[in-house]
Structure formats: C-alpha cells, structure tokens
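A.B. asks: Whatever this is, show me its structure:
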Amino acid sequence: VGFALFSSVPFTLPFTLVMIAVWTLFIRRYWSWHALVLLFLFGLGAVAPHIPEVLSLVKNAPLSNRGGDYYQVPWSYGPGIIRELILTHAIALLVIAAGLFVRIRDRVWKGLLVLIGLFLFIAPWYQSFATTFGHYFLRVRDFGFYRFYYLLPLVLGIAVGIALDRLEGTLTMRERTYAVRRVVIILVLALVFVGTLTTKSAHARTWFRDGSFYANTHSRPDLASLAPESKQFRVATIADERTGLRPTFANMNGLESIDGDINIASKRYVAFFKEMTRHWRVEPKHSFYLFWQATPEERIRFGKDATEFLNPTLLSLANVRYIISPFPMFLPGFVQDPSLPSISFAERVRAQIDENFHGRRVWVYENQDAFPRVFLAPNIRVFPDATALLEALGTASTTTLKSTVFAEETDADALSIAGVTIQEATITSYTSDEIVVSTRLDAPLVLVLTNNYNPAWHVYVDGVEKKVIPAYSTFMAVILEGETHEVVWRYEP
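C.D. replies: So this is what the prediction gives:
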C-alpha cells in the first residue's frame, strides 16, 4: 500500500489489490462476500481504464523499437544482475532462509518459493538468451519476459509475511519471554537499517549530483515562457549524467522533445535518430539521451564543436528550434558560446545546492535554421530502400531537404515541379489526434508534417482521404494539387 501511495497509483493499484486478495484469501483465510465484491469493483476500476492502452500497445508492437538494441547483451551481463537482485532483496531472502530452516509446511509458501526462484533465473539470463537465440524465436524475441522480476517484491512480500508469521509462532512456543521478542525486533530493525544504507547513500548522491525534484522541474531562465507555442516546435536536451539533466526537464516545462527517458519509439524514428547523432554515446539504447555518460574530454570537445556528436541539419529537419544544455556548447546554426568553463568540486556542490532550492541553470540555444512543423516541397527523390535513404540524409544540406522529400520507391514516385511562386502552409488547429493545416499553392507540391509516421494516421484533403507517404524515413507527407486546401491529419487506430 505504501508503494502505491508513493508511486504511480493507477499502475500500482492492480498489484496492490492482488497482494491484498492473496493475503486475505490464502494466508489469513479470512474473508466475506462483501469484501470480495468490493475488491472486485476496485480491481475493475483500476484495470478497465488501461484496456485501450494495452490494445494499442499490442497493435503497434510490430512498429516499435522496444526490443532490438535493448536485448543485445552478452552472457556476462547476468552475474551483475544476480548480485544486484540479491543485494536489493537481502533482508527478504534472509527471512525466507530462516523459514526454510524451520521447515514451514505451507503449499502457498512453497509455490511462492518456486516463483521466486523462477523470477531470479529469468531476470538475469533472458536478455542474454534473446541476444543469442532470438532469431529462432522471432515471434516472442522482443517480449519483455525478464520484466516479470517486477513482480518479485510482491511475491517476496507475501512469502516473507508467511515466514514471519510462522517464525513468530515458533518463537512464542519455545520462548515466550519479552526479552527474546525485543531482541528479535532490534535485530530486524538493525537489518533493515543496514540493508537500506546503500539506498539512502544513493539518494544523497542523486540529490547532490542529479538535483532535487524542484531543480529538475524548474529552470533559470524560465522555460515555461516557451510553452504557449510549443506545438509549433520541438526541443533537444543535452542529457548529461554528470549534471543529471534529462529530457523530462523540458517535458515538465510544457515542451515537446525529440529525446526521452524511455526508448519506446518506432523503428523508423530510431533509425532516423541514429543518423541524426554521430557518436555511440547518443544512440538510443535504454533511453533516448543525447549525451549520456560522456567523459570530461568529450564534454570539452562538445562545448567547442558539437558536430562530432550531432547533425545540425537533421536536428533542423526534426523541427528542433531550441537546444537545452547544462553547459555552454557550439553547434552551427545555433548560438555560439565560449569554451566550457572549469569549476572545482566545492563550487559545483555549492551550485547544485543552490539549484535544488531555486531552479536549475541551463543554457538555451535557438536554432535559426529549424524547419517548421509543416512545410511544402516541390520535389520527391526516391531510394531503393531505407538504408540508402538514411545514408543520403546524413550528408544532405538544409537547402536540399527543404526542397526535396526523401522517400522509398515503394512508398512514392519521383516528383519534380518547377516555377512555384506561391506556397503557404499554416497550422490552424493542433491536438493530440487531429491536426488541421491550411495551404495555398499554385502548383502541385508535397506537404510534409514532421510528426512520426504511423499507419493509424490518416490524411484528408478537402474531406477526401489521400495516401500518407513516409517522408525522410520517419515523418509524414501528402501530395497536393495547386490550389487552396484544408488538410486534416487524423489519428484513427
């Protein structure tokens, strides 16, 4: 219950209710029909709102990049996870070991032990197994079976509850003195204190290094001032492990970012993202971070010239108008800055404490060459496959990309229009599932919307549905005739 109160309640409530049901029905064996009905209603209320989300995830799974790179780990990855799981759950495992010592005879408890062993086996080895043998199990290769270890605290909690209940009964039968019970309580509290020292020290390091919640949601200057027009542009965050700056910092200030803390994205966008970045440290593996785990030398190089790490032309194509950075940097087309300053450890600690109470200091760079969210282009250049298209994207100039849509030959035919004098495209309405664009042109042109392509998005030109063309590998486009149009992009899964 405490976990549910201090975490995401809608997601943890189903697990909390399951724990209550198991404890009531199988451990204490004390229940009533009224309690069961109430528990069922709570469960229905917790699960029902998420059914559309689950169905959407199932439908979009083939388009997602959630597997792929994520599972590319060697067998040596497993021992480290085992050590982490044992250290994290050391107290619970000790209590269970004590329960084995007194030979608890309980079918539910024995079943829980089997689940604990199964989860402890799957968590460290499934990713390595999928990396080595995944090509033999294509249909289930990207399933997150290893995520069952998230249920480990629930199973451990119930097993420990049963063990403590039986152990307490054993102690009171053998030794009913108050002194023994007091010693047992002191020992348990000592174990809890020692076991949580690592967590407490990690929290302290996070507070000093990554910043407090306030520091990670408030900024100086105030980014919220950019939010009213945020649907017309995107931002990129230079996520840096040393400072703890993450893309959620921009999101918490009402801005849309091209990066993120979880790598849930389409395979098309991941391929584009990798071409947009030029260094292995910014590739989207566990998360879409632009500059995570960089060395001090790399930070200095990044501050002087970031083109080694980022492609400014593709950032512009992706509608990135601002870059938010925890330190000064230089990138062509963005504001120039002096080289990265150096400060002592003590100065950095004082600055972090100040930010934790008054908001994080960031450098904001405006991109003068950023493409608009929608634009018109007179040409289409086709490529035999996605690989050839992405290679051409990586070397294309801003001028070329503004005038020529890159597409695969299976999605569109080549197009070249000359003599265009009027071309206007304006977003008149923008919501999460419908975008309305007003256009005026005097020749056939291609309207590009720099939102991620998905088959569930449909486009209607003056009320008539048209074909959506995957543009630049990951965005969307539609061919228009030379006149005034109302173009409606609508998400219809």
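A.B. asks: CA only for contacts and neighbour counts going forward, please
C.D. replies: Will do.
A.B. asks: just the helices in the stretch 1-150 of the chain please.
C.D. replies: With DSSP state H, counting those that start in this stretch as the criterion, the stretch 1-150 of the chain has helices at 2-5, 9-22, 33-47, 51-60, 77-88, 90-101, 107-133.
A.B. asks: what angle separates the longest one from helix 90-101?
C.D. replies: Read that as helix 107-133. Angle, helix 107-133 to helix 90-101, by axes from the mean of the first three to the mean of the last three C-alpha atoms, to 10 degrees: 130 degrees.
A.B. asks: and helix 107-133, what does it pack onto?
C.D. replies: In terms of contacts (3 or more C-alpha pairs under 8 Å, 6 or more residues apart in numbering; DSSP states H and E), helix 107-133 is packed against helix 77-88, helix 152-174.
A.B. asks: Dump these to JSON lines, plus mean neighbour count.
C.D. replies: As requested, the helices and strands packed on helix 107-133 are exported to JSON lines (neighbours: other C-alpha atoms under 10 Å):
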{"stretch": "helix 77-88", "mean neighbour count": "14"}
{"stretch": "helix 152-174", "mean neighbour count": "17"}
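A.B. asks: Those helices: which one's closest to Pro493?
C.D. replies: With C-alpha to C-alpha, the closest approach to Pro493 among these belongs to helix 152-174: 34.6 Å.
A.B. asks: mean confidence score for the closest one?
C.D. replies: In this model, helix 152-174 has an average pLDDT of 74.
A.B. asks: Next: stretch 311-329.
C.D. replies: Across stretch 311-329, pLDDT averages out at 90.
A.B. asks: Just the C-alpha atoms of that stretch, please, in CSV.
C.D. replies: Coordinates of each C-alpha in stretch 311-329 appear next as CSV, following Å, rounded to 0.1, in the frame of the first residue of the first chain:
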residue,chain,number,x,y,z
ASN,A,311,24.0,16.5,-37.1
PRO,A,312,22.6,20.1,-37.1
THR,A,313,20.8,19.7,-40.4
LEU,A,314,18.8,16.7,-39.3
LEU,A,315,18.1,18.5,-36.0
SER,A,316,16.6,21.3,-38.1
LEU,A,317,14.6,18.9,-40.2
ALA,A,318,13.2,17.4,-37.0
ASN,A,319,11.7,20.8,-36.1
VAL,A,320,14.2,21.4,-33.2
ARG,A,321,14.2,25.1,-32.6
TYR,A,322,15.9,25.1,-29.2
ILE,A,323,18.7,23.0,-27.5
ILE,A,324,18.7,22.9,-23.7
SER,A,325,22.1,22.3,-22.3
PRO,A,326,23.6,22.0,-18.8
PHE,A,327,26.8,23.7,-20.1
PRO,A,328,27.9,26.1,-22.9
MET,A,329,28.3,24.5,-26.4
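A.B. asks: Can you tell me who Val464 pairs with across the strands?
C.D. replies: Val461 (DSSP bridges).
A.B. asks: quick one: it from Thr439, how far?
C.D. replies: According to C-alpha to C-alpha, to the nearest Å, Val464 and Thr439 sit 15 Å apart.
A.B. asks: hmm, back to that, of the helices of the stretch 1-150 of the chain, which is nearest Leu197?
C.D. replies: helix 77-88 (11.0 Å).
A.B. asks: mind showing which ranges of the stretch 51-200 of the chain have poor pLDDT?
C.D. replies: Scanning the stretch 51-200 of the chain for pLDDT under 70 picks out the ranges 57, 61-62, 64-72, 138-144, 146, 168-185, 188, 191-192, 195-196, 198-199.
A.B. asks: re the thing from before, can you add distance to His34 and give the helices and strands packed on helix 107-133 back as JSON lines?
C.D. replies: Shown next, in JSON lines, are these (distance: least, C-alpha to C-alpha, whole Å):
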{"stretch": "helix 77-88", "distance to His34": "38"}
{"stretch": "helix 152-174", "distance to His34": "23"}
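A.B. asks: of all those helices, which lies closest to Thr277?
C.D. replies: Checking the helices and strands packed on helix 107-133 against Thr277 by C-alpha to C-alpha gives helix 77-88 as the closest, at 26.3 Å.
A.B. asks: Distance from the chain centre to the closest one, please.
C.D. replies: Taking the mean of its C-alpha atoms, helix 77-88 sits 23 Å from the chain's own mean (C-alpha atoms, centre = their mean, to the nearest Å).
A.B. asks: list the helices and strands it packs on?
C.D. replies: With contacts defined as 3+ C-alpha pairs under 8 Å, 6+ apart, the packing partners of helix 77-88 are helix 107-133.
A.B. asks: Can you report how many residues neighbour Pro296?
C.D. replies: 10 (other C-alpha atoms under 10 Å).
A.B. asks: Also Ala92?
C.D. replies: The number of residues near Ala92, taken as other C-alpha under 10 Å, comes to 19.
A.B. asks: mind listing what it touches?
C.D. replies: Shown in contact with Ala92 (C-alpha atoms under 8 Å, 6 or more residues apart in numbering): 156-157, 160.
A.B. asks: Relative to His135, how far out is it?
C.D. replies: Distance of Ala92 to His135, computed by C-alpha to C-alpha: 37 Å.
A.B. asks: How about Asn379?
C.D. replies: Per C-alpha to C-alpha, Asn379 is found 39 Å from His135.
A.B. asks: next one: Ile238
C.D. replies: Noted for Ile238: a distance of 35 Å to His135, by C-alpha to C-alpha.
A.B. asks: higher neighbour count, those two?
C.D. replies: Shown here are Ile238 and His135; by other C-alpha under 10 Å, Ile238 has more neighbours (21 against 11).
A.B. asks: Check the burial of the residue lying closest to that one once chain neighbours are set aside by counting its neighbours.
C.D. replies: Excluding its sequence neighbours, the residue lying closest to Ile238 (C-alpha to C-alpha, 6 or more residues apart in numbering) is Ser325, at 5.0 Å. Residues within reach of Ser325, counting by other C-alpha under 10 Å, total 21.
A.B. asks: which residues sit in contact with Ser325?
C.D. replies: Shown in contact with Ser325 (C-alpha under 8 Å, 6+ apart): 237-239, 362-364.
A.B. asks: Name the nearest of the residues you listed relative to Thr410.
C.D. replies: Taking C-alpha to C-alpha as the measure, Thr410 lies nearest Thr237 of those, at 34.4 Å.
A.B. asks: what helix or strand does the closest residue to that closest one other than its chain neighbours sit in?
C.D. replies: Leaving aside its chain neighbours, Thr237 sits nearest to Ile324 (4.8 Å; criterion: C-alpha to C-alpha, 6+ apart). Assigned by DSSP states H and E, Ile324 falls within strand 320-325.
A.B. asks: Next secondary structure after that strand?
C.D. replies: With secondary structure assigned by DSSP H and E, strand 320-325 is succeeded by helix 345-358.
A.B. asks: and that next one, what other elements does it pack with?
C.D. replies: If contacts are counted by 3+ C-alpha pairs under 8 Å, 6+ apart, helix 345-358 sits against helix 178-209.
A.B. asks: Export stretch 246-259 to PDB, keeping only CA atoms.
C.D. replies: Output of stretch 246-259 as PDB, limited to C-alpha atoms (Å, rounded to 0.1, in the frame of the first residue of the first chain):
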ATOM      1  CA  ARG A 246      17.200  14.700 -18.700                       C
ATOM      2  CA  PRO A 247      14.600  15.200 -21.400                       C
ATOM      3  CA  THR A 248      11.800  15.200 -18.800                       C
ATOM      4  CA  PHE A 249      13.200  18.500 -17.600                       C
ATOM      5  CA  ALA A 250      11.800  20.100 -20.900                       C
ATOM      6  CA  ASN A 251       8.600  18.000 -20.700                       C
ATOM      7  CA  MET A 252       7.900  19.200 -17.200                       C
ATOM      8  CA  ASN A 253       8.100  22.700 -18.500                       C
ATOM      9  CA  GLY A 254       5.500  22.000 -21.200                       C
ATOM     10  CA  LEU A 255       7.900  21.400 -24.100                       C
ATOM     11  CA  GLU A 256       7.900  18.600 -26.700                       C
ATOM     12  CA  SER A 257      11.300  16.900 -27.000                       C
ATOM     13  CA  ILE A 258      12.900  14.800 -29.700                       C
ATOM     14  CA  ASP A 259      14.500  12.600 -27.000                       C
END
